[in-house]
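Asks: Generate a structure from the sequence data that follows.
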Amino acid sequence: GTNGRGINAFSDGGGVTVDSSAGTVIGGTEGIVALDGGTGAVSVTSADVTGTAGSGIRAETTDGGVTVDSSAGAVIGSTDGITALDSGTGAVSVTTADVTGTSSDGIDARSNSGGVSVDSSAGAVMGSVVGIIALDSAGGAVSVTSADVTGTNDLGILAQSATGAVTVDSSAGAVTGETGGINARTFGAAAVSVTTADVSGTNGRGINAFSDGGGVTVDSSAGAVIGGTEGIVATDGGTGAVSVTTADVSGTNGPGIRAESDGGGVAVDSSAGTVIGSTDGIAATDTGTGMISVTAADVTGTSGNGIDAQSAGGGVSVDSSAGTVVGSLLGILAVDNAAGAISVTSADVTGTNDLGILAQSATGAVTVDSSAGTVTGNSGGINARTFDASAVSVTSADVSGTNGPGINARSDGGGVTVDSSAGAV
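Replies: As a prediction, the model looks like this:
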């Protein structure tokens, strides 16, 4: 269609099917438009499609569901590459190879409540705005599977459901966005899962994952994550568990990793790589009674703490014995504000302007073992303490407190054991 749509197909409730997979479609405006004004299903199957002054493919229905499969070719739109919309309860499914949205989004797939699935793992998706949008406005599940994705002036991937589960797997490629790499979120008590290779958010978070009670899992161990602000933020606003597993992570203007829950527990394992934050290296917090577990190799907090791990009653375990931890303030902070036990196992730790290690529980037991390395702090080397009748144990090699105690260990009735026989204090 030289000055119009390549293919225009419309029904008012009977359903629309377009199959152009045997050839190429070029529109002077949109490439393919398939619309059902009622509750009919819309299906588009294509090879190469170009919309010279509009979307490459636009497929919409009121309530019958939308399926787009362009995996046999490339889709290019001067606005969106592919737009797929169900304004009712129908599911939206988009399967593609290469897709380009020259002045807008690469893929924009939305349902009001039927769920959205996008699979672009057979090609690269590029949007001038967002690379991939997958959005459900109610309780439908959202799933995105991708290879390379670029959002030149906005997010790489936005996967969002009002209350449904959200899953993103970009492990087959790299995701890059200007305001953030991947944003995966639900505002209900549903699970959020993000699995990636390389991810970059030039002026925002590398990965942002949020649930309000359903739990959050982030696994970026197949690649590096770089954020212009934080590297990875994984948050559950309710009692869902938070798990973060990574290789290299960098937060250019924030923590490398920030993981938070309100009672579900937090587990961070960065032992496969290096974590650097311009504030804290790793910040892991549970404001309820969930346990905190941090396992790390090299970690640096450029202007904050190396590792900051805090719980309000569930206990804290930090194991950095696979690497070196450096904090501009404290090297390692492990604190429980109630009766949770504290355990810190480390190799080399440095707190440039504060303590090397602070391990503290309000009423629980405290154990520190730094015998695999050297601990150095400005205001003290190791401070291990509880304010109740619980045991405190410190085992160390070399420890130095430049302007404070080398080792300070205190209990209020539970006994204190210090063994520094493996080094000098």
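Asks: who's Val166 bridged to?
Replies: Val142, Val192 (DSSP bridges).
Asks: Read off the pLDDT value for it.
Replies: With respect to pLDDT, Val166 has a value of 98.
Asks: what's the answer for Gly1, then?
Replies: pLDDT, Gly1: 82.
Asks: ok, now Asp354?
Replies: At Asp354, the predicted lDDT confidence score is 98.
Asks: That one: neighbouring residues, count only.
Replies: Asp354 has 19 neighbouring residues, counting by other C-beta atoms under 10 Å. Using the backbone N, CA and C atoms, a C-beta is placed for each residue, glycine as well.
Asks: how far away is it from Thr29?
Replies: 63 Å (C-beta to C-beta, to the nearest Å).
Asks: do Thr287 as well
Replies: According to C-beta to C-beta, Thr287 stands 53 Å off from Thr29.
Asks: so what's Glu178 up against?
Replies: By C-beta atoms under 8 Å, 6 or more residues apart in numbering, the contact set of Glu178 is Gly151, Thr152, Asn153, Asp154, Leu155, Gly201, Thr202, Asn203, Gly204.
Asks: Can you give me the pLDDT of it?
Replies: 98.
Asks: Ok, Val192 next?
Replies: For Val192, pLDDT reads 98.
Asks: I'd say it and Gly215 touch.
Replies: Yes: using C-beta atoms under 8 Å, Val192 is in contact with Gly215, at 7.3 Å.
Asks: and the two? which has more neighbours close in?
Replies: Neighbours were counted for Val192 and for Gly215 using other C-beta under 10 Å; Val192 has more, 29 against 22.
Asks: mind listing what that one touches?
Replies: 165-167, 184-186, 209-211, 214-217.
Asks: what do you get for Ser11?
Replies: So Ser11 contacts Leu35, Asp36, Gly37, Gly38, Gly40 (C-beta under 8 Å, 6+ apart).
Asks: Identify the residue nearest the fourth one in space, chain neighbours excluded?
Replies: Which is Gly38. Of all residues not flanking Gly38 in the chain, Gly13 sits nearest, at 2.7 Å (C-beta to C-beta, 6 or more residues apart in numbering).
Asks: How about the second one?
Replies: Counting by C-beta to C-beta, 6+ apart, the nearest residue to Asp36 once its immediate chain neighbours are dropped is Thr61, at 4.1 Å.
Asks: average pLDDT for the strand or helix carrying Ile157?
Replies: For Ile157, the host element (DSSP states H and E) is strand 155-161. Average pLDDT, strand 155-161: 98.
Asks: Alpha carbons of it, as CSV, please.
Replies: Presented in CSV, the C-alpha positions along strand 155-161 are these (Å, rounded to 0.1, in the frame of the first residue of the first chain):
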residue,chain,number,x,y,z
LEU,A,155,13.5,1.3,29.7
GLY,A,156,14.9,-1.8,28.0
ILE,A,157,12.0,-4.0,29.3
LEU,A,158,9.0,-3.0,31.2
ALA,A,159,7.0,-6.0,32.5
GLN,A,160,4.2,-5.1,34.8
SER,A,161,0.9,-6.5,36.2
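Asks: elements contacting that strand?
Replies: The contact analysis (3 or more C-beta pairs under 8 Å, 6 or more residues apart in numbering; DSSP states H and E) places strand 155-161 against strand 132-136, strand 142-146, strand 149-151, strand 166-170, strand 175-177, strand 180-186, strand 199-201.
Asks: Next secondary structure after the last one?
Replies: Same thing as strand 199-201. Toward the C-terminus from strand 199-201 - assigned by DSSP H and E - lies strand 205-211.
Asks: Can you tell me the strand partners of that next one and which way each runs?
Replies: With DSSP bridges as the test, strand 205-211 is paired with strand 180-186 (parallel), strand 232-236 (parallel).
Asks: just the angle between it and strand 166-170, please?
Replies: Here the directions of strand 205-211 and strand 166-170 differ by 150 degrees (axes from the mean of the first three to the mean of the last three C-alpha atoms, to 10 degrees).
Asks: starting at the chain centroid, how far to strand 205-211?
Replies: Distance of strand 205-211 from the chain centroid (C-alpha atoms, centre = their mean, to the nearest Å) equals 4 Å.
Asks: so it versus strand 155-161, what angle?
Replies: Going by the same axes, to 10 degrees, strand 205-211 makes 0 degrees with strand 155-161.
Asks: Between Thr287 and Thr29, which is the more surrounded one?
Replies: Thr29 (18 against 14).
Asks: And for the closest residue in space to that one that isn't next to it in sequence, the neighbour number?
Replies: Among residues not flanking Thr29 along the chain, Gly54 sits closest, at 4.4 Å (C-beta to C-beta, 6+ apart). Gly54 has 19 neighbouring residues, counting by other C-beta under 10 Å.
Asks: Tell me the secondary structure of Gly54, please.
Replies: Under the three-state scheme (DSSP: H, G, I helix; E, B strand; the rest coil), Gly54 adopts coil.
Asks: who touches it in this structure?
Replies: Contact analysis of Gly54 by C-beta under 8 Å, 6+ apart lists Arg5, Gly27, Thr29, Glu30, Gly31, Gly77, Ser78, Thr79.
Asks: redo that, cut-off 7 Å
Replies: Taking C-beta atoms under 7 Å, 6 or more residues apart in numbering, we find Gly54 in contact with Gly27, Thr29, Glu30, Gly77, Ser78, Thr79.
Asks: Export the strands paired with strand 205-211 as a markdown table, with columns for distance to Ser371.
Replies: Listed next are the strands paired with strand 205-211 as a markdown table, based on distance: least, C-beta to C-beta, whole Å:
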| stretch | distance to Ser371 |
| --- | --- |
| strand 180-186 | 39 |
| strand 232-236 | 31 |
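Asks: and those strands as CSV, adding distance to Ile282 and mean neighbour count?
Replies: Shown next, in CSV, are the strands paired with strand 205-211 (distance: least, C-beta to C-beta, whole Å; neighbours: other C-beta atoms under 10 Å):
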stretch, distance to Ile282, mean neighbour count
strand 180-186, 19, 28
strand 232-236, 10, 27
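Asks: so what's Ser420 closest to, chain neighbours aside?
Replies: Nearest non-adjacent residue to Ser420, counting by C-beta to C-beta, 6+ apart: Ser396, 4.7 Å away.
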